[in-house]
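In: sequence and predicted structure, then a few things I'm wondering about:
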Amino acid sequence: MALAREGAALCVIGRDGARLSETVTAAQVFSNVTAFQFDLTSQDGLQPLVRFLEQGAGRLDALLHCAGVFQSSSMEESRVEDLDAQYAVNVRVPYTVTQQLLPFLAAARGDVVFINSSAGLNVKRPDVGQYAATKHALRAIADSLRVEVNPQGIRVLSVYLGRTATPMQEAICKREGKIYKPQALLQPEDVASIVLQLLSLPPTAEVTDISIRPLIREQR
């Protein structure tokens, strides 16, 4: 997701057409919205957004990385193909997208937000090695980027989430044989509220890392 404040333009990027449409409809209540549907794992996928920014605002106030995929398996039974797929979305996409949009962020002295996972901080399960490795890599990218771009006035925030009520989490619970109880999880609105508050901080302050977890730790 990208925010170009010139004309209050919100650019929403997605791969799933139905969910992208839902997001656009909800966001239109607050802002002018332009949607881009393409596969960010493709080499030139971001070019329509780049051209849009070049021809319009020329600046980007905030870039939020929210996409992610998850596979769980023991190392003994895991497939390297699953590791590659998770790396492509969880690591390579946020890296290359940020790289291509840095000039627009620098023009706005903008913000980059990486929605990470608690698995990017520590690993307490035997079957999430691949996923956790990608999230640790994303943490390293954010930390290195912060040192690089802070002198340009760009802030970099990593948000480490516990289990959140999303379709992906519903699918994970199903695979784990657990009853999906969204009311016991973090809500997307909780995460959005925190991120908006942090983006609203004056430019003299930067929050670098924040962890959010459900009050109820485990579903039964």
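Out: That came through fine.
In: okay, the residue of the chain most remote from its centre: pLDDT?
Out: In the chain, the greatest distance from the average C-alpha position (CA atoms, centre = their mean) is reached by E76, at 29.4 Å. E76 carries a pLDDT value of 92.
In: which SS state does it fall under?
Out: coil (DSSP: H, G, I helix; E, B strand; the rest coil).
In: just the one 5 residues further on next, same as before
Out: Taken by three-state DSSP, the conformation at E81 corresponds to helix.
In: can you count the residues close to it?
Out: E81 sits with 9 neighbouring residues when counted by other CB atoms under 10 Å. The way it works is simple: take the backbone N, C-alpha and C, and place the C-beta from them, glycine included.
In: distance of E76 from L138?
Out: Between E76 and L138 the computed distance is 25 Å (CB to CB, to the nearest Å).
In: could you report the neighbour count for the closest residue to P126 other than its chain neighbours?
Out: Spatial nearest neighbour of P126, excluding adjacent residues (CB to CB, 6 or more residues apart in numbering): S74 at 6.2 Å. If you count neighbours by other CB under 10 Å, S74 ends up with 10.
In: next one: S73
Out: 16.
In: CA atoms of stretch 151-170 as PDB?
Out: Extracted as PDB, the C-alpha positions of stretch 151-170 are listed here (Å, rounded to 0.1, in the frame of the first residue of the first chain):
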ATOM      1  CA  PRO A 151      19.800  11.000   6.900                       C
ATOM      2  CA  GLN A 152      17.300  11.700   4.100                       C
ATOM      3  CA  GLY A 153      14.500  12.100   6.600                       C
ATOM      4  CA  ILE A 154      12.900   8.800   5.900                       C
ATOM      5  CA  ARG A 155      11.600   6.800   8.900                       C
ATOM      6  CA  VAL A 156      11.500   3.000   8.900                       C
ATOM      7  CA  LEU A 157       9.100   1.100  11.200                       C
ATOM      8  CA  SER A 158       8.900  -2.600  11.800                       C
ATOM      9  CA  VAL A 159       5.700  -3.900  13.300                       C
ATOM     10  CA  TYR A 160       5.900  -7.400  14.800                       C
ATOM     11  CA  LEU A 161       2.400  -9.000  15.000                       C
ATOM     12  CA  GLY A 162       1.100 -11.900  16.900                       C
ATOM     13  CA  ARG A 163      -1.800 -13.900  15.500                       C
ATOM     14  CA  THR A 164      -4.200 -11.600  13.700                       C
ATOM     15  CA  ALA A 165      -7.700 -12.200  12.400                       C
ATOM     16  CA  THR A 166      -7.100 -12.500   8.700                       C
ATOM     17  CA  PRO A 167      -8.000 -15.000   6.000                       C
ATOM     18  CA  MET A 168      -4.400 -16.300   6.100                       C
ATOM     19  CA  GLN A 169      -4.700 -16.900   9.900                       C
ATOM     20  CA  GLU A 170      -8.000 -18.700   9.300                       C
END
